[in-house]
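Novice: predicted model follows, preceded by the sequence.
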Amino acid sequence: MTAQDYIRSYYAATANDQTRYPALEGTVKADVCVIGGGFSGVATALTMAERGRSVVLLEAKRIGWGASGRNGGQMIGGISGEATIKKQLGAAGAKLVRDIRYRGHEIIESRIAKYGIACDLQYGWMEVAARPRHMNHMRAYVEDRIKDGDGGGLEIVEADQMPRVLGTSSYYGGYIDRRSGHLHPLNLVRGEANAAAQLGVQIFENSPAIKVHGGAKPWVETERGRVEAGSIVIGGEIFNRFGQPALKGLMLPAGSYIIATEPLTGSDTASVDPQNFAVADSNVVLDYYRMTPDRRMLFGGRCNYTNRDPADIAGTMRPRMIEVFPQLKDARVEFSWGGTIAIVVNRVPAIGRLEPNLYYLQGYSGHGVNATHIAAEIVSDAICGTTEQFDLFDRIKHTRLPLSDIAGNYMLALGMLYYRIRDLL
Ligand SMILES: Cc1cc2nc3c(=O)[nH]c(=O)nc-3n(C[C@H](O)[C@H](O)[C@H](O)COP(=O)(O)OP(=O)(O)OC[C@H]3O[C@@H](n4cnc5c(N)ncnc54)[C@H](O)[C@@H]3O)c2cc1C
């Protein structure tokens with residue numbers, strides 16, 4: 001197999017290091033074998049190594065090659081599907097949602113400090129109202145969080161106060177979450193992988209797992225190697241590549257795309273995002289954006305639910321950026337790229353056990369920087385014998401799409417077209 005390189009992106013161009021890990025040859029043994037070198041897999045491997053377990057990590061291409069090394073970098077509180085969790089699990093669900101809301105942030109913050117990971121973490125995140133009615137939801141959400149004693153760092157911004165926050169007239173207000181923020185995701189995941197390697201995790205790149213087996217004697221096979229481990233974790237947005245019926249039709253891939261401009265220098269661009277917030281709008285088919293430390297606008301969105309990439313990503317994304325920020329009309333686009341989001345039908349991350357000693361975590365519906373780290377800790381706890389939060393996720397009833405192999409993405413595209421039209425009304 002040829003050694004894989006990263007796709008061309010702002011993140012790959014500004015990666016801190018180029019460490020490569022070997023491909024697996026022969027048989028190795030470990031307490032835990034983790035499949036997938038994105039946030040889910042790397043965070044699980046690092047957590048287990050911190051707890052003294054021997055770990056093998058298998059990555060098909062390179063560490064952070066998937067969504068984890070390509071995303072918008074927005075570190076957002078909470079996980080997707082919170083309403084479903086509360087509805088299905090009642091008081092236990094409400095407690096779970098609250099307990100884990102910022103747990104991923106805490107794990108990331110502690111790893112940045114402990115392992116000296118340079119990944120440009122900045123605080124300040126904002127959801128902006130794309131329609132007047134969305135402000136009612138946001139006011140209710142912030143009020144509920146305050147009533148619940150969990151409103152620290154939240155602030156409603158009414159429409160007339162928006163000019164102090166963002167240089168656009170596209171929105172009807174919004175709310176700020178100062179505990180959330182943004183970072184360089186590829187440098188974070190690579191930094192965590194390097195820390196895991198320092199703790200003894202054996203990392204293999206260019207080593208896709210091709211067969212997995214749980215039960216009493218779990219093993220994983222790659223083209224030229226085999227791992228025998230006490231537990232196996234399918235850690236990442238790997239969908240149902242190993243053919244497990246339990247993961248069939250549970251989630252579908254959707255494309256999401258990002259452009260990064262050249263560094264902005266003109267005085268009229270200083271007003272674009274003066275407080276350096278990461279921003280997401282309130283549409284289901286949403287725009288998300290932020291400034292990089294070298295003052296590029298990194299603008300993402302326009303999910304493609306048919307799972308076919310647009311021929312010209314910059315040509316598709318740039319007009320939307322200029323619609324929101326006309327002052328960027330002369331800014332050149334220097335990078336454009338896309339990645340795959342795993343959309344779970346009921347939006348709740350899929351965390352569970354397929355058979356004894358064979359675990360999975362994936363499906364964050366575009367909301368994974370924080371959630372992957374939470375899920376990795378929950379699965380690590382379960383492997384180590386603490387199953388309270390794991391069991392709650394395992395109890396969630398997921399909806400499965402019939403005929404997902406042949407028609408799933410068309411059904412998703414139709415569903416999303418409905419939401420897109422609703423967003424526009
Ligand atoms: C364009 C884009 C923008 C996004 N923006 C945000 C954002 O701003 N904020 C946010 O919170 N979330 C965002 N997300 C979602 C977030 O990036 C993901 O939820 C998260 O990175 C998922 O991490 P993961 O480790 O589960 O999966 P991935 O990062 O996809 O990792 C899976 C890894 O497994 C590897 N792999 C696949 N098959 C095999 C195999 N057989 N054997 C071994 N390895 C294998 C892949 O190569 C890959 O490296 C975005 C996603 C995209 C695509």
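Specialist: Thanks, I have it. Given the structure is predicted, the values throughout are model-derived calculations rather than measurements. Residues are numbered from 1 along each chain as shown.

Novice: check the offset of stretch 27-38 from the chain's centre.
Specialist: For stretch 27-38, the distance from its own C-alpha centre to the chain's C-alpha centre is 21 Å (CA atoms, centre = their mean, to the nearest Å).

Novice: could I get the contacting residues of Gly181?
Specialist: Neighbouring residues of Gly181 by CB atoms under 8 Å, 6 or more residues apart in numbering: 74-75, 121-125, 278. Quick note: C-beta positions are derived from backbone N, CA and C, even for glycine.

Novice: ok, and what's touching stretch 352-360?
Specialist: Residues contacting stretch 352-360 (CB under 8 Å, 6+ apart): 212-216, 218, 230-235, 244, 246-247, 350-351, 379, 382-383, 390, 393-394.

Novice: in helices, which of those fall?
Specialist: 379, 382-383, 390, 393-394 (DSSP state H).

Novice: okay, the residue sitting nearest the centre point of the chain: pLDDT?
Specialist: Nearest to the geometric centre of the chain sits Gly368, at 2.3 Å (CA atoms, centre = their mean). The per-residue pLDDT reported for Gly368 equals 97.

Novice: I figured it hits Gly69, correct?
Specialist: No. Gly368 sits out of contact with Gly69 when judged by CB atoms under 8 Å, with a separation of 11.9 Å.

Novice: about what we covered before: got a ChimeraX select line for the buried ones in the contacts of Gly181?
Specialist: The ChimeraX selection below is limited to those of the contacts of Gly181 classed as buried (16 or more other CB atoms under 10 Å):
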select :74,75,121,122,123,124,125,278
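
Novice: output the contacts of Gly181 as JSON lines; include the columns distance to the ligand, pLDDT and secondary structure.
Specialist: Converted to JSON lines, those look like this (distance: CB to the nearest ligand atom, whole Å; pLDDT from 0 to 100; DSSP: H, G, I helix; E, B strand; the rest coil):
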{"residue": "Gln74", "distance to the ligand": "3", "pLDDT": "98", "secondary structure": "strand"}
{"residue": "Met75", "distance to the ligand": "7", "pLDDT": "98", "secondary structure": "strand"}
{"residue": "Leu121", "distance to the ligand": "13", "pLDDT": "98", "secondary structure": "coil"}
{"residue": "Gln122", "distance to the ligand": "13", "pLDDT": "98", "secondary structure": "strand"}
{"residue": "Tyr123", "distance to the ligand": "15", "pLDDT": "98", "secondary structure": "strand"}
{"residue": "Gly124", "distance to the ligand": "14", "pLDDT": "98", "secondary structure": "strand"}
{"residue": "Trp125", "distance to the ligand": "10", "pLDDT": "98", "secondary structure": "strand"}
{"residue": "Ala278", "distance to the ligand": "7", "pLDDT": "98", "secondary structure": "strand"}
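
Novice: can you redo the contacts of Gly181 as TSV with distance to Arg308?
Specialist: Converted to TSV, the contacts of Gly181 look like this (distance: CB to CB, whole Å):
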residue	distance to Arg308
Gln74	25
Met75	29
Leu121	34
Gln122	34
Tyr123	37
Gly124	35
Trp125	30
Ala278	28
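
Novice: and the residue sitting furthest away from the middle of the chain, how far is that from Gln327?
Specialist: Distance from the centre of the chain peaks at Ser267, with 33.3 Å (CA atoms, centre = their mean). The gap separating Ser267 from Gln327 is 10 Å, by CB to CB, to the nearest Å.

Novice: returning to what we had before: and the ones in helices among the contacts of stretch 352-360, which are buried?
Specialist: Among the ones in helices among the contacts of stretch 352-360, those buried by neighbour count (16+ other CB under 10 Å) are 379, 382-383, 390, 393.

Novice: tell me if His373 really is in a helix.
Specialist: Yes. Per DSSP: H, G, I helix; E, B strand; the rest coil, His373 lies within a helix segment.

Novice: about what we covered before: so what does the residue farthest from the centre of the chain have for phi and psi?
Specialist: With angles defined as degrees, to the nearest 10, Ser267 sits at phi -60, psi -30.

Novice: cool, the one 10 residues further on as well?
Specialist: With angles defined as degrees, to the nearest 10, Phe277 shows backbone torsions of phi -80, psi 150.

Novice: so who does it touch?
Specialist: Phe277 touches 124-126, 165-166, 176, 290, counting by CB under 8 Å, 6+ apart.

Novice: which of those lies closest to the ligand?
Specialist: Nearest to the ligand, judged by CB to the nearest ligand atom, of the contacts of Phe277 is Arg290 at 8.2 Å.

Novice: that closest one: neighbour count?
Specialist: 25 (other CB atoms under 10 Å).

Novice: next one: Ile396
Specialist: Ile396 has 19 neighbours, counted by other CB under 10 Å.

Novice: one more: Glu143?
Specialist: Residues contacting Glu143 under the criterion other CB under 10 Å number 13.

Novice: for it, grab phi and psi.
Specialist: The phi/psi pair for Glu143 (degrees, to the nearest 10) is phi -60, psi -50.

Novice: buried stuff in stretch 291-300?
Specialist: Judged by neighbour count (16+ other CB under 10 Å), stretch 291-300 contains these buried residues: 291-292, 295-300.

Novice: enumerate the residues of the stretch 51-200 of the chain near the ligand.
Specialist: Counting by CB under 6 Å from any ligand atom, the stretch 51-200 of the chain comes close to the ligand at 58-61, 65-68, 70-74, 76.

Novice: now do the end-to-end distance for stretch 32-43.
Specialist: The first and last residues of stretch 32-43 sit 13 Å apart, counting by CA to CA, to the nearest Å.

Novice: how about it and the ligand, touching?
Specialist: Yes. Interface with the ligand: stretch 32-43 contributes 35-41 (CB under 6 Å from any ligand atom).

Novice: going along the chain, name the helices of the protein.
Specialist: 10-13, 39-50, 82-100, 103-115, 132-147, 185-198, 313-324, 368-383, 388-395, 404-424.
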